[in-house]
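A.B. asks: The sequence isn't on hand, but the structure is:
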């Protein structure tokens, strides 16, 4: 027996608690003992952490659409933007949040995105590959562009309204920002030059304290998930009309835990959990 697993009757049981396994990655895992090596188990979730400690609850997940690098924001004080090795779950880069980010602690009132192309925020050029932090903690909400190399702030924007946003994305098609509003239960479109509201759409799916928002790279539609919606994700088009719903409970996302969404370069979806793990899910 070990801290991470035990063997009984020819079967291996993995102890996947954060204390036993503070980090693990996606993909195949095997267990070897004196009696041999087990069949491979294909893990569909990862836990971010270092060799001794998991990073805690997550507020969002983001993936670089070019390199595939995975980032998360954790909900602790002080908060961190963390780059994670998907194969091991190991933290490979840590950016500590400062007052320049709008708050020093991580929260569920946050969204995170890696820009796939250059844009501008509040009149300042923001290069491709930069991190966009949507911060619903300050009043009003703020959007901050961050250099992923050194953690410095490139630009910041104070929004016209306070949405208590739990998620947000930059949309390359329109050139605008979109945020989920906990205050009004809407998807809100925002001008990144001024922070002014451009449009808003009412949602049948309730926006939750933990929520995720992502743009489908194939259809261009929005995907929304929230702890208030249980295990369901909702797809809506750009007019705000619902297209379909996908229940993730059969893929073990079933504890009212959805806190963030991000598409990987191969089109698969990652779901951040308020319980501190990231799932790889199949929308088909």
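C.D. replies: Okay, I see it. No experiment lies behind these values; they were computed from the predicted model shown.

A.B. asks: C-alpha only now, for contacts and for neighbours.
C.D. replies: Fine.

A.B. asks: Could you report the distance from the closest residue to residue 254 other than its chain neighbours to residue 155?
C.D. replies: In space, and not counting its chain neighbours, residue 254 is closest to residue 231: 5.1 Å by C-alpha to C-alpha, 6 or more residues apart in numbering. According to C-alpha to C-alpha, to the nearest Å, residue 231 and residue 155 sit 35 Å apart.

A.B. asks: Tell me the spatial nearest neighbour of the most centrally placed residue in the chain, not counting adjacent residues.
C.D. replies: By C-alpha atoms, centre = their mean, the chain has its centre lying nearest to residue 61, at 1.9 Å. The shortest distance from residue 61 to any non-neighbouring residue, by C-alpha to C-alpha, 6+ apart, is to residue 72 (4.4 Å).

A.B. asks: repeat for residue 111
C.D. replies: In space, residue 111 is closest to residue 167, 4.1 Å off (C-alpha to C-alpha, 6+ apart).

A.B. asks: ok, how many other residues are close to the one you found?
C.D. replies: Neighbour count of residue 167, defined by other C-alpha atoms under 10 Å: 37.

A.B. asks: Does anything pack onto the one helix or strand residue 92 maps to? Which helices or strands?
C.D. replies: For residue 92, the element it lies in under DSSP states H and E is strand 91-96. On a contact count with 3 or more C-alpha pairs under 8 Å, 6 or more residues apart in numbering; DSSP states H and E, strand 91-96 meets strand 80-84.

A.B. asks: packing partners for the strand it packs on?
C.D. replies: Other elements packing on strand 80-84 under the criterion 3+ C-alpha pairs under 8 Å, 6+ apart are strand 70-74, strand 91-96.

A.B. asks: what would these look like in a markdown table with mean neighbour count, distance to residue 201 and mean pLDDT?
C.D. replies: Below are the helices and strands packed on strand 80-84 laid out as a markdown table (neighbours: other C-alpha atoms under 10 Å; distance: least, C-alpha to C-alpha, whole Å; pLDDT from 0 to 100):
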| stretch | mean neighbour count | distance to residue 201 | mean pLDDT |
| --- | --- | --- | --- |
| strand 70-74 | 27 | 27 | 98 |
| strand 91-96 | 17 | 34 | 98 |
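
A.B. asks: now for those, which one comes closest to residue 175?
C.D. replies: Minimum separation from residue 175 across the helices and strands packed on strand 80-84 (C-alpha to C-alpha) falls at strand 70-74, 22.6 Å.

A.B. asks: Return the distance of the closest one from the chain's centre.
C.D. replies: In terms of C-alpha atoms, centre = their mean, to the nearest Å, the centre of strand 70-74 is found 6 Å from the chain centre.

A.B. asks: Name every strand pairing with that strand and say which way it goes.
C.D. replies: Strand pairing for strand 70-74, using DSSP bridges, gives strand 58-63 (antiparallel), strand 80-84 (antiparallel).

A.B. asks: the inter-axis angle of the shortest one versus strand 91-96?
C.D. replies: Between the direction of strand 80-84 and that of strand 91-96, the angle (axes from the mean of the first three to the mean of the last three C-alpha atoms, to 10 degrees) works out to 170 degrees.

A.B. asks: what's the answer for the longest one, then?
C.D. replies: Calculated by the same axes, to 10 degrees, strand 58-63 forms an angle of 120 degrees with strand 91-96.

A.B. asks: closest to residue 173 out of the helices and strands packed on strand 80-84?
C.D. replies: For the helices and strands packed on strand 80-84, proximity to residue 173 was assessed by C-alpha to C-alpha; strand 70-74 is nearest, at 22.7 Å.

A.B. asks: show me what contacts residue 63?
C.D. replies: Residues in contact with residue 63 (C-alpha atoms under 8 Å, 6 or more residues apart in numbering) are 69, 70, 71, 113, 114, 262, 263, 264.

A.B. asks: just residue 185 next, same as before
C.D. replies: 202, 203, 206, 207.
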